[in-house]
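Trainee: Here is a sequence together with a model predicted from it:
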Amino acid sequence: MTEGNRIRVITTSKVEMKITIELSEVEARALEAIAGYGPSKFKEWFYKNLGKHYLEPHSIGVDSLFATVKKELPYHLNKIDEVRKLLKDKL
């Protein structure tokens, strides 16, 4: 944008990092069970029983984590269940 002899430049930057972790089946099922309560109920319980100091700064991250878990894990856990059923039926 030009204002007289001045040039005005507005820039924005975004840095995004992704971390991949491996979970065992029991860990994945436990995480899915925790996420099943939903982020609001989880945070309410956490704040009441353990305080807000540690988790409150990560509130948005908790919401995002629960959404990711609820979106991604059921598909994979269902596949595990299907394979287990197929193996059981074959034996």
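Mentor: Happy to help now that I have it.

Trainee: in this structure, which spans are helices?
Mentor: 25-35, 39-50, 59-90 (DSSP state H).

Trainee: okay, those in CSV with distance to Arg8 and mean neighbour count next?
Mentor: Every C-beta, even on glycine, is put in place using the N, C-alpha and C of the backbone. As requested, the helices of the chain are arranged in CSV below (distance: least, C-beta to C-beta, whole Å; neighbours: other C-beta atoms under 10 Å):
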stretch, distance to Arg8, mean neighbour count
helix 25-35, 45, 14
helix 39-50, 40, 13
helix 59-90, 31, 12
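
Trainee: Reformat those as CSV; add mean pLDDT.
Mentor: As requested, the helices of the chain are exported to CSV (pLDDT from 0 to 100):
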stretch, mean pLDDT
helix 25-35, 96
helix 39-50, 96
helix 59-90, 94
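
Trainee: how close does the residue nearest the centre of the chain sit to Ile21?
Mentor: What sits nearest the mean C-alpha location of the chain, by C-alpha atoms, centre = their mean, is Leu65, with 1.7 Å. Going from Leu65 to Ile21 by C-beta to C-beta, to the nearest Å gives 12 Å.
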